[in-house]
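# The following comprises the amino acid sequence and a computationally predicted model.
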Amino acid sequence: MSAVTGSDASAVLAVTLHPLQRAGAWAVVELAGRGGAAQVTPADIDAVAGRLTADVCAAATAAKEDAAYDWWKVLFALYPNSKATHSKRSRERRLLEPDIAALFVPDQVGEGARTWPCTFCSRPTGTVWTKSALPLFDTNKALNTLPPGVAGWPVCRGCRVAIWALPYGAWVTAGSVTAMSCDEEAAERRFVSRNVLRARRILQAGFGSQPTGARPEREAVAALWQVAGQVPRAATLWHFKNDNQEPLLRVTRTRRAASQFLARVQGNEPLRRAWKLLARELTRFDGKGRRITDGQGEAAGLLFEAEDGQGRTLLMQLYRLLLLPRERAWALEERAVLTRLAFDYAREVLGVSVAAYPQPVAELLADWIEHGSGSPRGRLAEYRSVALSDYKLGQLLVRAQFRLALDGRPVAAGPQEWEPLITQRPRAWEQRMLLAAAVVQLLQERGVPIGERPEGDDREAAGLEDDSDEQLFSPYDDDQEVM
Ligand SMILES: [Zn+2]
């Protein structure tokens, strides 16, 4: 974790590979108004340390009803037992300030001074911090281990300032902090500079100034999209939460092909339209018509996968949109673009072999749903209930084959076609989702009722007219008002 990138060893500020130090270091560069870490001077560090001290003191001495108190909640999530957040802290600024300023004093590394290599960047330092000033250093899922023979973690001045500049460079809420790392440095810096602006507004006006339902993934995807373009780049989000019991770290990341996929969606009319439909579907309103989720943020979030495999993925969400009964029926053209989005994402980002997916199997299922005994809606419901199960789908395919043959109808596929779809092989599950999307599209093309209430096209009402100049993966509007 001590590798240094983007700066030379004599500089006062290192940008290391530790994700929290790294986000904080970029925030220092941004706050200092410099082009890179190598240009940051000791005077810049003094100025940033002064700014941090002033903001920390304002937050820590604010009354609970003040907007400034919101920043204290951020500090509490990150440094719950520090001098800034401890319940016994002084509420008098003049008494608190020396304690906070002391966190950032210059290193004494002269002759005879006892020093250790900094935990983050290896520069010599005489300052040893305990976990109270270091976020994440007391989790079970620790990123760090204590160096032997030292009563804490040695942290140099540049890294101390960086660690406390983290809330400026990360996406913060009242109880969580999200930092981004990316194999494209410019995307990280874009994300950080947007967060520095956002932090400024939160410091002034509190979280009430922020749009409801806003998510860090939208800013991360906007940064990735603006910077990476056609180049394959992955973004990782480090979501850190501290609820005063157990600090939690959750890591989510996009696949490398996601950045190329974003460029493709932006440049392709049907895919753009599908993405807008998806974002519209994910926008939720409360009973009074106020927006409670941000569809663009939710859609961006679907590009991120959790390390533990938990969480909704884009493909799963599209499957649900296309397969589950709905209040408003999809127009055939809407279904077609959403299905295409699912297929393209599976092929280009997940690496699912779409060529192996057999169209005849979709036809067999559509034939059975259309012509089998009973109602097509009942058979579709039956298919939906087994569509993702390897074993049960296999049973249903055998039944469908027999039924159609018994009725003297053409049978579009046999076991050799569907065998790859009903295995437990990697990606067979995704292929079953795509199969289901194709089946429902075929049914709709044939005019088979699929259990939805048909309705006119309300795309104008939803503001979905295509405007190809518009940037699809936009960051949050700086002037956006609370909805
Ligand atoms: Zn350091």
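Sure thing, it's come through. These figures come from a predicted structure and were not determined experimentally.

# hmm, who's touching the longest helix seen in the chain?
Using DSSP state H to define each element, the chain has its longest helix at helix 185-205. With C-beta atoms under 8 Å, 6 or more residues apart in numbering as the test, helix 185-205 has contacts from 6, 22-23, 26-27, 29-31, 55, 58-59, 67-68, 70-71, 74, 167-172, 180-182, 209-210, 219-220, 222-224, 226-228, 233, 235, 475-476, 478. In short, each C-beta sits where N, CA and C put it, glycine included.

# Narrow these to those in helices?
Using DSSP H, the contacts of helix 185-205 in helices are 22-23, 26-27, 29-31, 55, 58-59, 70-71, 74, 167-169, 219-220, 222-224, 226-228.

# Those residues also near the ion: which ones?
Among the ones in helices among the contacts of helix 185-205, no residue sits close to the ion (C-beta under 5 Å from the ion).

# now the residue of the chain most remote from its centre, what's its secondary structure?
Ranking residues of the chain by C-alpha distance from their mean position (C-alpha atoms, centre = their mean) puts residue 408 at the top, at 51.7 Å. The three-state assignment at residue 408 reads coil, by DSSP: H, G, I helix; E, B strand; the rest coil.

# What's the mean pLDDT across stretch 474-483?
For stretch 474-483, the mean pLDDT works out to 63.

# And for stretch 430-437?
93.

# In it, which residues are buried?
If you call a residue buried by 16 or more other C-beta atoms under 10 Å, then stretch 430-437 has these buried ones: 430, 431, 432, 433, 434, 435, 436, 437.

# next one: stretch 382-395
382, 383, 384, 386, 387, 388, 393, 394.

# which outside residues touch the helix or strand where the last one lies?
Read it as residue 394. Assessed by DSSP states H and E, residue 394 sits inside helix 390-406. Defining contact as C-beta under 8 Å, 6+ apart, one finds that helix 390-406 is touched by 361, 364-365, 367-368, 371-373, 382-383, 385-387, 410-411, 413-415, 418, 421-424, 428-429, 432.

# Return the distance of that helix from the chain's centre.
40 Å (C-alpha atoms, centre = their mean, to the nearest Å).

# what does stretch 67-86 give?
24 Å.

# Okay, now that stretch: how far is its last residue from its first?
Using C-alpha to C-alpha, to the nearest Å, one end of stretch 67-86 lies 19 Å from the other.

# Repeat that for stretch 91-108.
The straight-line separation of the ends of stretch 91-108 (C-alpha to C-alpha) is 30 Å.

# just how off-centre is that stretch within its chain?
Distance, centroid of stretch 91-108 to centroid of chain: 35 Å (C-alpha atoms, centre = their mean).

# Against residue 347, how distant is residue 275?
Residue 275 sits 16 Å away from residue 347, going by C-beta to C-beta, to the nearest Å.

# More neighbours: those two, which one.
residue 275 (21 against 18; other C-beta atoms under 10 Å).

# quick one: which helix or strand includes the more buried one?
helix 269-281.

# Enumerate the positions of that helix that are buried.
By neighbour count on 16+ other C-beta under 10 Å, the buried set for helix 269-281 is 270, 271, 272, 273, 274, 275, 276, 277, 278, 279, 280, 281.

# Can you tell me, leaving aside adjacent residues, what's nearest to the fourth one?
Sequence neighbours aside, residue 337 is the residue nearest to residue 273 in space, at 5.0 Å (criterion: C-beta to C-beta, 6 or more residues apart in numbering).

# ok, now which ones touch that neighbour?
270, 271, 273, 274, 277.

# mind checking how far it is from residue 299?
14 Å.

# Check residue 431 too.
With distances taken as C-beta to C-beta, residue 431 is found 23 Å from residue 299.

# likewise residue 17?
For residue 17, the distance to residue 299 equals 30 Å [C-beta to C-beta].

# between the two, who's got more neighbours?
Between residue 17 and residue 299, counted using other C-beta under 10 Å, the more crowded position is residue 299 (26 against 13).

# Make a markdown table from the buried residues of helix 269-281 and add distance to the ion to it.
Formatted as a markdown table, the buried residues of helix 269-281 follow (distance: C-beta to the ion, whole Å):
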| residue | distance to the ion |
| --- | --- |
| 270 | 50 |
| 271 | 44 |
| 272 | 45 |
| 273 | 49 |
| 274 | 46 |
| 275 | 42 |
| 276 | 45 |
| 277 | 48 |
| 278 | 43 |
| 279 | 41 |
| 280 | 46 |
| 281 | 46 |
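
# List the residues that contact the residue of the stretch 201-350 of the chain with the smallest separation from the ion.
Here the stretch 201-350 of the chain gets closest to the ion at one residue, residue 238, 18.8 Å apart by C-beta to the ion. Neighbouring residues of residue 238 by C-beta under 8 Å, 6+ apart: 19, 20, 178, 179, 180, 181, 249, 250, 251.
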